[in-house]
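J.: Sequence and predicted structure are below.
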Amino acid sequence: MAKLTIPEEELMYPGHVGCLGCGATLAMRYMLKALGQRTIISVPACCWAVMPGVFPLTCLKIPMLYTAFETTGASISGIRAALDAKGIDDITVVGWAGDGGTADIGIQALSGAVERGTDVMYVMYDNEAYMNTGVQRSSATPTGAWTTTTPVGSTKDWKKMPKKDMVEIMVAHKIPYTATMSIAYPEDMIKKLQKAQKIKGPKFIHIYAPCPTGWRMAPDKTVEIAKMATACGVFPLYEVENGVYTITRKPELKPVMPYLALQGRFRHLPQEELDGIQNEIDKKWNRLLKLEEFTKELDEMEGD
Ligand SMILES: Cc1ncc(C[n+]2csc(CCOP(=O)(O)OP(=O)(O)O)c2C)c(N)n1
Ligand SMILES: [Mg+2]
């Protein structure tokens, strides 16, 4: 029998107050399994600020600091500095924020923390909108999606801009490690997180976490949708170590349409928009394949 690589210890109790089928709860559960008890997380305003429960209740078995929406990067820098001052070096400091708190309002503090080379891990769990406040558009909302601030009625005002690429932004900061991972592939996730934990300096993690409430989908489809996202190239799994790309799952790409059809947030899209989305995915995937090839070649050349 194949050896199980997912640690058995649970650092999250049952009884969170997240919605039915919430992908972000699985993301936290697997992350804590990967990183272990000696972990401190700092969480800004987002669904996860609410989900542990109201004091004195919590579903987390590790310390959590609740920080202001825009300050995750600054707060983890402070926690790291305090631990360093006390000579404590066996605690993993994690900033845990949503896509809005990361790609929009928290990007300045994040950029500062990683530019200073701070030894922290920053995780963006991505449900592709501001879910905690009622499904508003973020810069990580994908093209074509309905949200309450990108309405679809007669105005046809669904999101027209592409999803902001946080991994590319982090690669441009020249950090030692950044990776994408998905709640549908916990083994891949745990392997990458444990690798990141051993690396000194800033690490950036992008976790795909479906939100049935905001995506207008059935709550029992969370894992299935996440699998489809990787199978059709909407959310490729890869890591970038010191600028060198490695794709960790390389499927023969499936068409995107069945993925979009399961989610009410895309139901309004006319055929030409659907074709455009498929086109963009194909381009992005081919670009990623080339980046992998090119950065590996470059690394070998520079190593000579
Ligand atoms: C400065 C500031 N502006 C706005 C808010 C309101 N607010 C709280 S959570 C949130 C949305 C967070 O979205 P995201 O970071 O994607 O996390 P999610 O709720 O999707 O988990 C907003 C707008 C706030 N708390 N502070
Ligand atoms: Mg969000």
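T.: Yep, it's here. Ligands and ions are numbered 1, 2, ... in the order given.

J.: all contacts plus neighbour counts: C-alpha atoms, from now on.
T.: OK.

J.: wait, residue 102 sits on residue 122?
T.: No. Judged on CA atoms under 8 Å, residue 102 makes no contact with residue 122 at a distance of 9.2 Å.

J.: And those two? Which one has more around it.
T.: residue 102 (31 against 26; other CA atoms under 10 Å).

J.: for that one, helix, strand, or coil?
T.: helix (DSSP: H, G, I helix; E, B strand; the rest coil).

J.: quick one: the closest residue to residue 252 other than its chain neighbours and residue 29, what's the gap?
T.: Nearest residue to residue 252, sequence neighbours excluded (CA to CA, 6 or more residues apart in numbering): residue 231, at 7.5 Å. Distance of residue 231 to residue 29, computed by CA to CA, to the nearest Å: 23 Å.

J.: Over to residue 214?
T.: 21 Å.

J.: Comparing the two, which shows the higher neighbour count?
T.: The residue with more neighbours, out of residue 214 and residue 29, is residue 214; 22 against 17, by other CA under 10 Å.

J.: ok, which residues in the stretch 1-150 of the chain are in contact with ligand 2?
T.: Proximity of the stretch 1-150 of the chain to ligand 2 (CA under 5 Å from the ion) is limited to residues 98, 99, 127, 129, 130.

J.: Please list the residues of this structure that sit near ligand 1.
T.: 45-48, 69, 97-101, 127, 129-133 (CA under 6 Å from any ligand atom).

J.: rewinding a little: out of the residues of the stretch 1-150 of the chain next to ligand 2, who has the most neighbours?
T.: That'd be residue 98 among these, by other CA under 10 Å, with 33 neighbours.

J.: Quick check: longest helix in this structure by residues?
T.: In the chain, assigned by DSSP state H, the helix with the most residues is helix 271-303.

J.: pLDDT on that helix, on average?
T.: Averaging pLDDT along helix 271-303 gives 97.

J.: ok so, going back, could you dump the residues of the stretch 1-150 of the chain next to ligand 2 to TSV with pLDDT?
T.: Formatted as TSV, these follow (pLDDT from 0 to 100):
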residue	pLDDT
98	98
99	98
127	98
129	98
130	98
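
J.: which one of those residues is nearest residue 210?
T.: The shortest approach to residue 210 among these belongs to residue 127, at 5.3 Å (CA to CA).

J.: ok, the closest residue to ligand 1 within the stretch 201-304 of the chain to ligand 2 distance?
T.: Using CA to the nearest ligand atom, the closest approach of the stretch 201-304 of the chain to ligand 1 is made by residue 211 at 8.5 Å. Distance, residue 211 to ligand 2, by CA to the ion, to the nearest Å: 9 Å.
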